[in-house]
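Undergrad: Pasted the sequence and its predicted model underneath.
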Amino acid sequence: MTATTEPTTATPPRPADGTLRRTGSTVAALAASELLGKVATFVMFLLLARLLGLAEFGVLSLGFGLGLLLAVLSSSGLDARLIQLGSAQPDLLDRCYGALVGIRAVLSGAICAVAGPVLLATMPSADAVTVWLVVLACLVDTFSDASRACCGARQEQHRSALVLVIQRFLTLALVAGSLVLAPRAESAALAYLAGTVGGALAMHLAARRAGVRLRFRGSRPQARLLLQALPVLGLNAFASMGLFRIDTALVGVMLGTTAVGVYAANYRIFETVTFVTWTLTRGIVPVVASRPDDLEHVRRWAQISMAAMLAAYLPYGVLMALRGDDIVTALLGAEYADPGLLVALALAPALFGIGHQCASLLLALRPDPVVLVASVLALVVNIGLNLVLIPWCGLLGAAVATTVSFAAQAVVLLVVVHRRIGPVVAPRHLLGLGAGCAAAAAWCAALPPLLPAVLAAGAAYVVATTVVTLAADPRLVGQAQRLRRH
């Protein structure tokens, strides 16, 4: 007899109200912390762009792009493996934490030792020091991610959420102070490093409060368990971060650091909302990983996560397409606006969200090689299109390459998830979202002033989406009332 992974009950149960409410509370806390953290980070980038000017802001942007790429070599995507192991086998978590920190310490030291001489040999010394400091900060941040993953495995993300907010605003204060005292890129990079170190220490304390201890002794078996997933998770993490950052590096090589400053400023408008996806996966992946063999449980949480993500990203794409240049001009200045750039990136949030949600879902079940295949395919598409389009149409070409590569990844992973788990996107929900986006687009186009247009579009989106969704699926009213009673 062959084994089957299909549920054995005829009518599998829906998620318990208690689990749904607890996970909803976790996601809400994470969303609030991520939003506040994004606000602090965005304000920091506004100050950097305004006070440093295009050239020095471009150097810092290059440092962030390179630092995040190199940090992937240190992180290797093993946070997902720690959450997977720690959620299913809580007794392994302490030594998994120790093993992960040890692995990262070795890799980060090697990266720093190599990056410094290479940067000094290829850049002016002042710029090299600035970039190296930012790279070091990005490496330190991977230790915060390890502690944060431990809180996730314990399903006590509210602790890490509070620390994240404190760290982001501390970093903002340090960077702002450095710009007041010495408005130079290298002083801002040093302040950013100081804030990141403080955040890493605070996140470790949050993990201890969640009941996790950093145990190095006897952690060799756990290190092997973590490293078993390295071929899939490590390569996938590098490919995914390359997909997210390679365009900035290629713009710097082909068009210079000033062009990097313009592209990074516009890209930040897209990147700022990615916290929605990170929040949803951090809240839901531990719940999925705790019952990986229950397909109905997995499918239901995937549907909840996907619906929430699309509800946030689709209207934001409308706003980027219709009023993106106005937003950049209002926040950063007219010199950072590049007509058409945010139109080309308008679908990127939703496509990125679909790909990331599907990848996280598959990795919560096991280190699935198809996630790596999809990431590598998208990275190859991204690099190929960038090499062709950037010389031809400049920054617009880089934006098109990014959106198309996210689309390639999303299509591959969505097909795989549909085949293995079942449908995770309900057409009736898409109908409501489509109506809401149409209403939002009408108000964005009708009102010239930016702020009234955004407020009116948001209100129209909520009303139209709610009315059409409830008309298409009246059961949602009863479900909402039932949850409020519990």
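TA: Looks like it arrived, so ask away. Because the structure is predicted, anything quoted here is derived from the model rather than measured.

Undergrad: Could you give the number of residues near the nearest residue to A348 once chain neighbours are set aside?
TA: Spatial nearest neighbour of A348, chain neighbours left out: T403 (4.8 Å); criterion: Cβ to Cβ, 6 or more residues apart in numbering. (Glycine included, C-beta is placed from N, CA and C.) Neighbours of T403 under the rule other Cβ atoms under 10 Å: 20.

Undergrad: The one 5 residues further on now?
TA: Neighbouring residues of A408 were enumerated by other Cβ under 10 Å; the total is 19.

Undergrad: mind checking the backbone torsions on R215?
TA: Recorded main-chain torsions at R215 are phi -120, psi 110, according to degrees, to the nearest 10.

Undergrad: Could you chop the protein up by domain?
TA: Per automatic domain parsing, the domain ranges recorded for the chain read 16-228, 232-424, 426-486.

Undergrad: For those, give me TSV that also has mean pLDDT.
TA: Formatted as TSV, the domains of the chain follow (pLDDT from 0 to 100):
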stretch	mean pLDDT
domain 16-228	85
domain 232-424	85
domain 426-486	80
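
Undergrad: hang on, the earlier thing: contacts only, for the residue nearest to A348.
TA: The neighbours of T403, taking Cβ atoms under 8 Å, 6 or more residues apart in numbering as the test, are 344-348, 351.

Undergrad: Quick one: the strands in the stretch 301-450 of the chain, in order.
TA: Assigned strands in the stretch 301-450 of the chain: none (criterion: DSSP state E, counting those that start in this stretch).

Undergrad: ok, back up a step: so of the contacts of T403, which ones are in helices?
TA: 344, 348, 351 (DSSP state H).

Undergrad: and which of the residues you listed is nearest to G53?
TA: Checking those against G53 with Cβ to Cβ, the nearest one is A344 at 25.5 Å.

Undergrad: For the closest one, which non-adjacent residue is closest in space?
TA: Of all residues not flanking A344 in the chain, A399 sits nearest, at 3.7 Å (Cβ to Cβ, 6+ apart).

Undergrad: Was I right to think the one you found contacts L347?
TA: No. In this structure A399 lies outside contact range of L347 using Cβ atoms under 8 Å: 10.6 Å.

Undergrad: Which one's more surrounded, these two?
TA: Neighbours per residue (other Cβ under 10 Å) separate A399 from L347, with A399 holding more: 26 against 19.

Undergrad: Can you give me every residue that contacts the residue nearest to A344?
TA: Applying Cβ under 8 Å, 6+ apart to A399 gives the contacts 247, 266, 341-342, 344-345, 348.

Undergrad: now, among these, which is nearest to G63?
TA: Distances from G63 to the contacts of A399, taken by Cβ to Cβ, are shortest for D247, at 15.8 Å.

Undergrad: The residue nearest to the closest one when sequence neighbours are not counted: what's it in contact with?
TA: Spatial nearest neighbour of D247, chain neighbours left out: A398 (4.4 Å); criterion: Cβ to Cβ, 6+ apart. Residues near A398 by Cβ under 8 Å, 6+ apart: 247, 250-251, 263, 386, 389-390.

Undergrad: 6 Å instead?
TA: Going by Cβ atoms under 6 Å, 6 or more residues apart in numbering, A398 touches 247, 251, 386, 390.

Undergrad: ditto for A308
TA: Per Cβ under 6 Å, 6+ apart, neighbours of A308: L280.

Undergrad: Relative to L433, how far out is it?
TA: In this view, A308 and L433 are 11 Å apart by Cβ to Cβ, to the nearest Å.

Undergrad: related to what we said a few turns ago, could you export the contacts of A398 as a markdown table, including neighbour count?
TA: Below are those laid out as a markdown table (neighbours: other Cβ atoms under 10 Å):
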| residue | neighbour count |
| --- | --- |
| D247 | 27 |
| V251 | 28 |
| N386 | 22 |
| I390 | 23 |
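
Undergrad: Helices - which of those land there?
TA: Going by DSSP H, the helices hold 247, 251, 386, 390 from those.

Undergrad: Of those, just say which sits nearest to Q409.
TA: D247 (14.4 Å).

Undergrad: Would you map the helices across the stretch 201-350 of the chain?
TA: Assignment of helices within the stretch 201-350 of the chain using DSSP state H, counting those that start in this stretch yields the ranges 220-228, 230-255, 257-271, 275-289, 295-332, 341-344, 348-365.

Undergrad: Number of residues surrounding L170?
TA: 17.

Undergrad: before we move on, which element is it in?
TA: Taking DSSP states H and E as the definition, one finds L170 inside helix 157-181.

Undergrad: who does that helix touch, helix- and strand-wise?
TA: With contacts taken as 3 or more Cβ pairs under 6 Å, 6 or more residues apart in numbering; DSSP states H and E, helix 157-181 sits against helix 17-75, helix 125-153, helix 185-209.

Undergrad: So for that helix, what gets flagged as buried?
TA: 157-161, 163-172, 174-176, 178-179 (16 or more other Cβ atoms under 10 Å).

Undergrad: between it and helix 275-289, what angle do the directions make?
TA: 150 degrees (axes from the mean of the first three to the mean of the last three Cα atoms, to 10 degrees).

Undergrad: what distance separates helix 157-181 from the middle of the whole chain?
TA: Distance of helix 157-181 from its chain centroid, counting by Cα atoms, centre = their mean, to the nearest Å, is 18 Å.

Undergrad: Tabulate the CA atom coordinates of the one helix or strand A460 maps to in CSV.
TA: Using DSSP H and E, A460 maps to helix 450-472. C-alpha atoms of helix 450-472 as CSV (Å, rounded to 0.1, in the frame of the first residue of the first chain):
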residue,chain,number,x,y,z
LEU,A,450,-1.7,64.4,-3.3
LEU,A,451,-2.9,64.1,0.2
PRO,A,452,-6.6,64.4,-0.5
ALA,A,453,-6.2,62.0,-3.4
VAL,A,454,-4.6,59.4,-1.2
LEU,A,455,-7.1,59.7,1.6
ALA,A,456,-10.1,59.6,-0.8
ALA,A,457,-8.6,56.6,-2.7
GLY,A,458,-8.0,54.7,0.5
ALA,A,459,-11.6,55.2,1.7
ALA,A,460,-13.0,54.3,-1.7
TYR,A,461,-10.9,51.2,-1.8
VAL,A,462,-12.1,49.9,1.6
VAL,A,463,-15.8,50.6,0.9
ALA,A,464,-15.8,49.1,-2.6
THR,A,465,-13.7,46.0,-1.6
THR,A,466,-15.9,45.3,1.4
VAL,A,467,-19.2,45.7,-0.4
VAL,A,468,-18.2,43.5,-3.4
THR,A,469,-16.4,40.9,-1.3
LEU,A,470,-19.4,40.4,1.0
ALA,A,471,-21.8,40.3,-1.9
ALA,A,472,-19.7,37.5,-3.5
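
Undergrad: okay, the angle between it and helix 295-332?
TA: Using the same axes, to 10 degrees: helix 450-472 against helix 295-332 is 160 degrees.

Undergrad: I'd like to check what contacts helix 450-472. Which residues are they?
TA: Contacts for helix 450-472 (Cβ under 6 Å, 6+ apart): 315, 326, 428, 431-433, 435-436, 439-440, 443-444, 447, 476.

Undergrad: Thanks again, I'm all set now.
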